[in-house]
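J.: Using only what follows, build the 3D model:
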Amino acid sequence: MPYATAADGAALHYEVHGAGGPPLLLLSGQSNDLGWWDPVRADFAAAFTTLVWDYRGTGRSDRPDTDSYSTPGFARDALAVLDHAGVQRAHVYGTSMGGRVAQWLAADHPSRVDRLVLGCTSPGAPHGVERGPEVRRALVQPDARAAREALLALMYTPGYTARHPGPFATLGDPSMPGHARRRHLRASAGHDAWEALTRIAAPTLVVHGTDDRFNPTANAPLLAGRIPGAVLRLIPGARHAYFEEFAHQATPLVTGFLRDGEAGMPPEGPPAGAGRT
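T.: Just a heads-up that it's a prediction; the model follows:
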């Protein structure tokens, strides 16, 4: 069970999977451990050597109650993971907050990033499009069950959750202490990479679901327009967890871009909302 050591001494748990293909670093969403990628990781491991890791505050990594949580800080933690794994250069695929972390990794450490995929993410509040007040209210309501149902509805279509009772890997690490959860929230909310985006030199694919209200779809063209040469692809009918529910479209799209530099339109698949069986 490998652990990297961050600059401040925090232990960072990570895993490596795959049969020797090019390295691919997968970055999870806010308040989630490496389990975020469980539904699709094997598909990527068939073509790449995948690295997944637990952010500080999650999973088996250390959980310091310090001012060490930020999206640039998570990017530095990601470098520690790459260094410990002996990976000098990797493809990077980040979704949600992981996409925010990936922006800093590509902008500040260009020699370490080969190709970049930013999924269901944004440049940050000052220049991005924030979720609506009704979404924020639904997520913080005092009834925990109702709040969970609201989050599920933002992540997946009703047809998918009706056919898939769970468990769902995208609803947060339940073992996180309160201080870590609060610090993750502040880290993601404080993200602002607008000026840094123009420094990204890696070939970049921006992917988003057309029905994403958790991180509004309008952020995707903002990112693609700010990053030199970036390609934008939208997945019709998909919500925030497009990479899981619409994996039949998203995974081939991302794999083709990372492997060959091709970013064609998402392949045909089941009707919007049907998801995978």
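J.: Show me what the spatially most central residue of the chain is bridged to.
T.: Closest to where the C-alpha atoms of the chain average out (C-alpha atoms, centre = their mean) is Thr95, at 1.9 Å. Taking DSSP bridges as the rule, Thr95 bridges to Gly119.
J.: dump the residue contacts of it.
T.: Thr95 makes contact with Leu27, Ser28, Gly29, Trp36, Gly119, Cys120, Thr121, Phe243 under the criterion C-beta atoms under 8 Å, 6 or more residues apart in numbering. For the C-beta atoms, the positions are set from N, CA and C on the backbone; glycine is no exception.
J.: Next one: it from Ala102, what distance?
T.: Per C-beta to C-beta, to the nearest Å, Thr95 is found 9 Å from Ala102.
J.: and what of Arg259?
T.: As for Arg259, its distance to Ala102 is 18 Å (criterion: C-beta to C-beta).
J.: How about Ala230?
T.: Counting by C-beta to C-beta - Ala230 and Ala102 are separated by 12 Å.
J.: so Asn219 makes contact with Thr121?
T.: Yes. At 6.9 Å, Asn219 counts as touching Thr121 under the criterion of C-beta atoms under 8 Å.
J.: Which one of the two is surrounded by more residues?
T.: Thr121 (29 against 23; other C-beta atoms under 10 Å).
J.: State the pLDDT value of that one.
T.: Predicted confidence (pLDDT) for Thr121: 98.
J.: quick one on the thing from earlier: identify the contacts common to Thr95 and Ala102.
T.: Leu27, Thr121.
J.: which ones are touching Arg60?
T.: Applying C-beta under 8 Å, 6+ apart, the residues near Arg60 are Met1, Tyr3, His13, Asp33, Asp54.
J.: sorry, back to before: the contacts of Thr95 in strands, which ones?
T.: Of the contacts of Thr95, the ones assigned to strands by DSSP state E are Leu27, Gly119.
J.: on that earlier part again, Ala230 and Ala102 - which one has more neighbours?
T.: Taking other C-beta under 10 Å, Ala230 and Ala102 do not tie; Ala102 has more neighbours (31 against 21).
J.: Spatially nearest residue to Thr49 (excluding sequence neighbours)?
T.: Closest residue in space to Thr49, ignoring its immediate chain neighbours: Gly18 at 3.8 Å, by C-beta to C-beta, 6 or more residues apart in numbering.
J.: Name the helix or strand for the spatially closest residue to Leu171 that is not a sequence neighbour, please.
T.: Nearest residue to Leu171 in three dimensions, chain neighbours excluded: Leu151, at 6.0 Å (C-beta to C-beta, 6+ apart). According to DSSP states H and E, Leu151 maps onto helix 144-155.
J.: for that helix, packing partners?
T.: helix 133-139 (3 or more C-beta pairs under 8 Å, 6 or more residues apart in numbering; DSSP states H and E).
J.: where do the strands sit along the stretch 101-250 of the chain?
T.: Ranges of strands in the stretch 101-250 of the chain, per DSSP state E, counting those that start in this stretch, are 113-119, 204-209, 231-235.
J.: Gly29 against Thr170, yeah?
T.: Yes. Here Gly29 reaches Thr170: they are 6.4 Å apart, a contact under C-beta under 8 Å.
J.: Mind listing the shared neighbours of the two?
T.: Trp36.
J.: Compare these two and say which is more crowded by neighbours.
T.: Between Gly29 and Thr170, counted using other C-beta under 10 Å, the more crowded position is Gly29 (31 against 24).
J.: Nice, that's everything, thank you.
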